[in-house]
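Participant: need the 3D shape of this:
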Amino acid sequence: MSFARLSRSARESVSGLPRAFWWLWASTLVNRLGAFVATFMTLYLTLERGYSASFAGLVAALHGLGGVVSSLGAGVMADRLGRRPTMLVAQVSTAGAVALLGFMEHPAAIAAVAMLVGMTSNASRPAVQAMMADIVRPEDRVRAFALNYWAINLGFAVSSMAAGLIAEYSYLAGFLGEAALTLLCAVLVFVKLPESRPESAAGAGGAEGAGPEVGLGGVLRDGRFMGVVGLSFLISLIYTQGSVGLPVAMGSAGFSPGEYGLVIAVNGVLIVALQLPVTRFIEHRDPRRLLVVSALLVGYGFALTAFAGPLWAYALTVCVWTLAEIVNSPTQMELVVRLSPVQGRGRYQGMYTMSWAVASLVAPLMSGFVIDRYGAGWLWAATGALGTVAGAGYWFLMRGLPGRAEGRGASGGAPATGTAPAPGAAAPAAPAPAEA
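Facilitator: Numbers count the residues shown, from 1 in each chain. Below is the predicted model of the structure:
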């Protein structure tokens, strides 16, 4: 492929998105550049502090429980108070909690503050995803979610390699570094991002089609959406093993934190390299097939870890499930928006986020128990089984699903008031009517 063609492809991947999206993208990148706790908590507890895999799993599970507690509340806040204030409260609180965790000595204190970190760090996700759906046009959402996921993993690739080296000298420096960058993210949101909640536009101009607020009961009664949440939980249960099961298994096999950091950084590097071209390839393809294939790939990609021996073999298994992640993430996030009514985006995103939070609670308990009692091979066999179940679930659940233009989340994709297209980008479409 010529340089001119590559350049044109890159421009097409980023054109037409509003300026507010790019500030949101930048805040995501800054936040992920500081990621440390979630990736290295198990190594910190088992290697630095000498605790068992079961205790490390318990602490990681409490971190996940914190996310479960905050997910739905944060979704309600995003709908009632707004996306921007929800993000600011969450990010400032996360910075304080992460810094505090670095100074905890007693096991009970470590567990309690880890749960607090889980609550605060997870609280911004429904607001970020709802804001993205608010400000991006329906036809651009798969691409926007892919670009945001690309930023997450660019930051993750850099932070994994850096944190692996930092951990060999000072875990405390990693905790304080994450706190500082999270606080910087909050400053960026405060200075650059306007509110995007649809009710604001509806209240000011009487947007046609605006309906009543959607309650949590309405979300729970939405059978197809709750099915997607359940399948997301299974997929998340598998992915979470990359940060809880894999480091413990590699540590038991004699690998150092730095070597684990290099292996898991392959995930971020591949996403940075392949997310945009793969997204252009899958953007207009059948989401049902994409989700089925990605579920099978992630399950069997992790299952291959049972046969890994040298470091390069672990890296190869990461390549397999990373390809699944590249396909699954933007496809599933666009599906969630499509199934969400405009006036309930925060709550729907909160419920979806909760599936990942529950997985973060269950996965460490599962991996710690299975590894301690039966060995890592049984854990990797379980991931293959879960991927198979998830693939079958997507195949049956998505029969008769309306197309993107017909979905409940198809409207309301105009940029928030006061935003403008990025330099050189096409002008955004006029605001669409809100939905009940």
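Participant: and stretch 54-64, C-alpha only, in PDB?
Facilitator: Output in PDB follows, covering the C-alpha atoms of stretch 54-64 (Å, rounded to 0.1, in the frame of the first residue of the first chain):
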ATOM      1  CA  SER A  54      -6.300 -16.100  46.900                       C
ATOM      2  CA  PHE A  55      -5.800 -12.900  48.900                       C
ATOM      3  CA  ALA A  56      -4.800 -11.100  45.800                       C
ATOM      4  CA  GLY A  57      -7.900 -12.400  44.100                       C
ATOM      5  CA  LEU A  58     -10.000 -11.200  47.000                       C
ATOM      6  CA  VAL A  59      -8.600  -7.700  46.900                       C
ATOM      7  CA  ALA A  60      -9.100  -7.600  43.100                       C
ATOM      8  CA  ALA A  61     -12.600  -8.900  43.600                       C
ATOM      9  CA  LEU A  62     -13.400  -6.100  46.100                       C
ATOM     10  CA  HIS A  63     -12.000  -3.600  43.600                       C
ATOM     11  CA  GLY A  64     -14.600  -5.100  41.200                       C
END
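Participant: any idea of the mean pLDDT in it?
Facilitator: Mean pLDDT, computed over stretch 54-64, is 81.
Participant: which element is residue 25 on?
Facilitator: Taking DSSP states H and E as the definition, residue 25 sits inside helix 19-33.
Participant: who does that helix touch, helix- and strand-wise?
Facilitator: helix 125-135, helix 141-167, helix 171-192 (3 or more C-beta pairs under 8 Å, 6 or more residues apart in numbering; DSSP states H and E). Placement of C-beta: from N, CA and C, glycine included.
Participant: and with 6 Å instead?
Facilitator: helix 141-167, helix 171-192 (3 or more C-beta pairs under 6 Å, 6 or more residues apart in numbering; DSSP states H and E).
Participant: wait, which of these is closest to residue 311?
Facilitator: Comparison of these against residue 311 by C-beta to C-beta identifies helix 141-167 as nearest, at 13.0 Å.
Participant: list the buried residues in the closest one.
Facilitator: Across helix 141-167, burial judged by 16 or more other C-beta atoms under 10 Å covers 141-164, 166-167.
Participant: packing partners for it?
Facilitator: On a contact count with 3+ C-beta pairs under 6 Å, 6+ apart, helix 141-167 meets helix 19-33, helix 171-192, helix 257-282, helix 311-338.
Participant: could you dump those helices into TSV and include mean pLDDT and mean neighbour count?
Facilitator: Converted to TSV, the helices and strands packed on helix 141-167 look like this (pLDDT from 0 to 100; neighbours: other C-beta atoms under 10 Å):
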stretch	mean pLDDT	mean neighbour count
helix 19-33	88	22
helix 171-192	88	20
helix 257-282	84	20
helix 311-338	91	22
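Participant: make CSV out of those and add distance to residue 344.
Facilitator: Conversion of these to CSV gives the following (distance: least, C-beta to C-beta, whole Å):
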stretch, distance to residue 344
helix 19-33, 20
helix 171-192, 23
helix 257-282, 27
helix 311-338, 11
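Participant: nearest to residue 243, of those helices?
Facilitator: helix 257-282 (7.5 Å).
Participant: who's in contact with the helix or strand just after the closest one?
Facilitator: Going down the chain from helix 257-282, the next helix or strand is helix 287-303, by DSSP H and E. Residues from elsewhere that reach helix 287-303, judged by C-beta atoms under 6 Å, 6 or more residues apart in numbering: 238, 241, 282, 317, 320-321, 324, 327-328, 331, 335, 380, 383-384, 386-387, 390-391, 394-395, 398.
Participant: tell me the buried residues in helix 287-303?
Facilitator: 287-288, 290-303.
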